[in-house]
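S.K.: Structure for the following, please:
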Amino acid sequence: MDTTQQLNQMTDRQIRILKAIVDEYIASGSAVGSELLEKKFKVGYSPATIRNEMVVLGRMGFIEKSHFSSGRVPTPKAFRFYINTLLPKKPLSTADEVSMKNEVWDFKNDEMRFLEETARILSEKSSLLSIVFLESGFRYYTGINHMLAIKEFLDYELSKMVFTYLDDIDYWLKVLPDLVSNHDEISILLGDDYHVKQFQNLGSVFSRFTINEKSGFIGLIGPCRLEYSSAVPLVNYSAQIINEVFNKNAAE
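M.R.: Predicted coordinates:
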């Protein structure tokens with residue numbers, strides 16, 4: 001079911017409550033209950049009404065019960081809906097654009113170093129793990145310290161799986177071209193997009209670039225609840241800088 005069909009099936013109240021659940025989960029990473037929504041977000045409905053709507057949202061596949069509390073957490077389907085319909089459009093500030101470009105510009109004559117420095121700045125700006133690939137086999141990632149500071153990655157098995165796949169460039173070069181077409185600025189990976197069961201709670205933002213007719217991808221990897229409103233413009237501009245330096249046709 002596409003986003004338009006989902007919107008047509010949902011009431012304004014359900015959309016408002018779902019947005020509040022996702023916003024709170026992005027901020028806290030904790031399961032969300034009806035009392036919290038009523039008190040913190042002032043949605044205008046009683047806790048009983050919110051609970052009833054949460055039951056409906058659960059049946060629709062947007063939220064599920066947490067294993068650790070009585071609250072609910074958004075599913076990848078909820079995040080996809082949120083990103084497609086409710087995500088605040090927050091362009092990168094001119095100051096951030098200038099600072100990012102200034103920090104990498106001195107390396108424009110060294111292709112590999114330029115990619116590494118762009119990934120490093122992207123990681124620092126986002127406080128997430130950043131990774132960059134070229135179809136020729138080049139891969140670089142940075143920001144492990146940021147990733148391990150996020151509570152989802154205190155799960156040893158999840159972190160182990162992420163590190164295993166970070167070193168598997170063939171996996172990413174197989175998954176990403178299927179998701180990022182030449183016409184898409186950004187691709188957001190959620191849930192089943194990874195084809196890895198353990199990555200259901202992972203979220204990624206990637207953008208395509210070109211260097212000397214070779215395709216590449218740069219992106220951020222974090223929990224499903226990463227702040228997409230800031231991650232999307234950061235990733236998009238990082239790819240734009242690379243295109244500007246190495247592929248003049250893409251910048252025109």
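S.K.: what about the nearest residue to Glu152 once chain neighbours are set aside, distance to Phe81?
M.R.: What sits nearest to Glu152 in space, not counting adjacent residues and going by Cβ to Cβ, 6 or more residues apart in numbering, is Pro223, at 4.2 Å. Using the backbone N, CA and C atoms, a C-beta is placed for each residue, glycine as well. Using Cβ to Cβ, to the nearest Å, we find Pro223 at a distance of 17 Å from Phe81.
S.K.: same deal with Ser204?
M.R.: Taking Cβ to Cβ, one finds Ser204 at 17 Å from Phe81.
S.K.: now swap in Glu157 and tell me
M.R.: 28 Å.
S.K.: Looking at these two, which is more packed in?
M.R.: Phe81 (24 against 8; other Cβ atoms under 10 Å).
S.K.: Downstream of the one helix or strand that one maps to, the next helix or strand is which one?
M.R.: If you go by DSSP states H and E, Phe81 is part of helix 76-81. Downstream of helix 76-81, the next assigned helix or strand under DSSP H and E is helix 94-104.
S.K.: now for that following helix, which elements pack on it?
M.R.: Here helix 94-104 touches helix 111-126, helix 228-246, going by 3 or more Cβ pairs under 8 Å, 6 or more residues apart in numbering; DSSP states H and E.
S.K.: show me where pLDDT drops low in the stretch 51-200 of the chain?
M.R.: Regions of the stretch 51-200 of the chain meeting the criterion pLDDT under 70 cover residues 68-69, 178-185.
S.K.: again, 90 this time
M.R.: 51, 65-71, 86-91, 135-137, 167, 169-170, 172-187, 197-198, 200 (pLDDT under 90).
S.K.: Leu128: neighbour count?
M.R.: The number of residues near Leu128, taken as other Cβ under 10 Å, comes to 28.
S.K.: Right, I'll leave it there.
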